[in-house]
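Colleague: based on what follows, work out the 3D shape:
(one chain, ligands or ions: 1)
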Amino acid sequence: MVTLTRAAACFFLVLTLMLSGCSFEQHSPIDGKEASNQSQSGSSATAGNQEQAAPPFSNEGPATDHSAGGSGEDLGQTESGKLPTTGSGDAAPSDNLGGSGNESPGAPPPDEPAAPPTDATWVAVGDVMMHMPQLPAYYNDKTKQYDFSPYFDAVRPLIREGDWSLANLETPIAGQSLGYSGFPRFNAPTELAEALREAGFSIVTNANNHSLDRGAEGISRTLAALEAQQLVTKGTNRSRFEAEKLTIVEKKGIRMGLLAYTYGTNGIALPAAMPYAVDIVDEQKMLGDIAKLKEAGADFITVALHFGTEYQTVPSEAQKKLARKLVAAGADIIAGAHPHVVQPYETVEVTEVDGTIRNGLIIYSMGNFISNQRGGTKDYGLLMKVGIRKDNVTGQTTIRDVEPIPTWVYRYKVGKLNHYRIVPLDETIAKRTIPELSSAEYAALTRGKQTIDQRLASMSAAPVTVPAAP
Ligand SMILES: [Zn+2]
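Modeller: Have a look, this model is predicted:
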């Protein structure tokens, strides 16, 4: 009877999680500790946030004190279910008043100090690509498995600094049975998911022009491989429910809303029966999605955008217009990728309707994080590190301490096989951490650094000011 009851309870729990879209445990890549979050997100998204009436952002002064630190447990990610307002009949009932357990009842006694703010770190990189020359050296004949983790050896500590660490996966990882391939229709080993998780990524967006390289099956298999590594995904969908559910990833009690879109899919049509398979850039839909996340209590919103023109080192007018519009409408960080080269970033000051100023960040393109592409700065990338501070008195969350960290893909041969290592550019040059590089190669790398630095500085000196969207 006990067994039966437990089985029934498990079944009910699984069913509820499926319905609510809250699906899996978060394996913290930072400390290896498992922190499960079983909160039922459709309801906790609203019930767990009591401060929705307050403006979600403020323009606080340039605080420099990092000592406040993170106040607590990594609460893990929560994928929130549909809002009741979406009118779906399959959302979980709103009976979870437990929230995420990080709220204290009532106001503190007057003689106690105010709750300190919570600081967290947001990290993102650009395109994770897998060209065919990247494979052979990483195949283990004994295990019959690939292990791509050495790619990330030199940047792993930086990725692991992120409470949220995002990468754009620019290839299906649909398994060997579909055959591995590079450009123009990619398919890479599923082991890449394991390497990404092990490197410290917790979120992989995959709305990009290669999303449909292996069709709907490719999407399905790719999502399964990523989910098997407890990676949060955004940008492709196996069902309409999945396409419409809100994704909120909570770390240290700060709730990040996440969206991901691509300008297109290289002319491959969306499956007729699955028009929702890839999140495509559609301004009205995007504005609606941002509004839904705000309504669901997201403390800040990241939009991963696959847009721009390949190999262009400055953003197009269309990129600027779209990105600024999204920030004006409530997005806080635009994480751009696709041009395969680093483009500048800019900060945005949004004057909200009530007169307060909210800071946004637009990173137009983070270039290639890992690829076989060389020349024309295609072997350089950008790891962007941003401080996120939540004021635990006002509930407001702000972006601070934007730190661009250029990276470079060191490619070398052992025998006939290509090896790859992503390295932090500045440190590599300053400390000459790659003994195999010649003085001439270091001189070339230094010129590359100057080019990237100039590019990054070209639009970030002063903020762009925009009024809030009506
Ligand atoms: Zn692309």
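Colleague: rest of the way, CA atoms for contacts and neighbours
Modeller: Noted.
Colleague: what about the helices in this structure?
Modeller: 2-20, 41-47, 156-160, 191-199, 215-228, 240-244, 283-295, 317-328, 425-431, 439-457 (DSSP state H).
Colleague: which helices and strands does the fifth one pack with?
Modeller: Applying 3 or more CA pairs under 8 Å, 6 or more residues apart in numbering; DSSP states H and E, one finds that helix 215-228 makes contact with helix 191-199, strand 232-234.
Colleague: closest to residue 142 out of these?
Modeller: helix 191-199 (15.2 Å; CA to CA).
Colleague: mind giving me the packing neighbours of the closest one?
Modeller: So helix 191-199, by 3+ CA pairs under 8 Å, 6+ apart, packs with strand 145-146, helix 156-160, helix 215-228.
Colleague: so where's this structure shaky on pLDDT?
Modeller: The chain contains residues with pLDDT under 70 at 1-113, 470.
Colleague: top strand in it by residue count?
Modeller: As assigned by DSSP state E, the longest strand anywhere in the chain is strand 397-414.
Colleague: one step back: how about JSON lines for the helices and strands packed on helix 215-228, with mean neighbour count and distance to residue 254 added?
Modeller: Shown next, in JSON lines, are the helices and strands packed on helix 215-228 (neighbours: other CA atoms under 10 Å; distance: least, CA to CA, whole Å):
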{"stretch": "helix 191-199", "mean neighbour count": "22", "distance to residue 254": "21"}
{"stretch": "strand 232-234", "mean neighbour count": "25", "distance to residue 254": "16"}
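Colleague: nearest to residue 430, out of those?
Modeller: helix 191-199 (23.7 Å).
Colleague: quick one: the closest one to helix 215-228, angle?
Modeller: 30 degrees (axes from the mean of the first three to the mean of the last three CA atoms, to 10 degrees).
Colleague: tell me which residues are up against helix 191-199.
Modeller: 29, 145-149, 152-153, 156, 159-160, 173, 225-226, 229-231 (CA atoms under 8 Å, 6 or more residues apart in numbering).
Colleague: ok, now with 6 Å
Modeller: With contact meaning CA atoms under 6 Å, 6 or more residues apart in numbering, helix 191-199 is reached by 146, 148, 149, 156, 226.
Colleague: quick one on the thing from earlier: return the most buried member of the helices of the chain.
Modeller: Of all these, helix 41-47 carries the top mean neighbour count, a mean of 25, counting by mean count of other CA atoms under 10 Å.
Colleague: and the most centrally placed residue in the chain, how far is that from residue 467?
Modeller: Nearest residue to the geometric centre of the chain (CA atoms, centre = their mean): residue 166, 3.1 Å. For residue 166, the distance to residue 467 equals 28 Å [CA to CA, to the nearest Å].
Colleague: likewise residue 165?
Modeller: In terms of CA to CA, residue 165 sits 29 Å off from residue 467.
Colleague: so which of these two has more stuff around it?
Modeller: Neighbour count, other CA atoms under 10 Å: between residue 165 and residue 467, residue 165 has more, with 25 against 17.
Colleague: so that one bridges to which residues?
Modeller: As for beta bridges, residue 165 partners with residue 123 under DSSP bridges.
Colleague: show me what contacts it?
Modeller: With CA under 6 Å, 6+ apart, residue 165 has these contacts: 123, 124, 201, 202, 203.
Colleague: correct me, but the last one touches residue 166?
Modeller: Yes: using CA atoms under 6 Å, residue 203 is in contact with residue 166, at 4.7 Å.
Colleague: if we can go back for a sec, quick one: contacts of the longest strand of the chain?
Modeller: Under CA under 6 Å, 6+ apart, the answer for strand 397-414 is 57, 299, 379-390, 418-425.
Colleague: in that strand, which residues are buried?
Modeller: Neighbour-count burial for strand 397-414, with 16 or more other CA atoms under 10 Å as criterion, is recorded at 397, 398, 399, 400, 404, 405, 406, 407, 408, 409, 410, 411.
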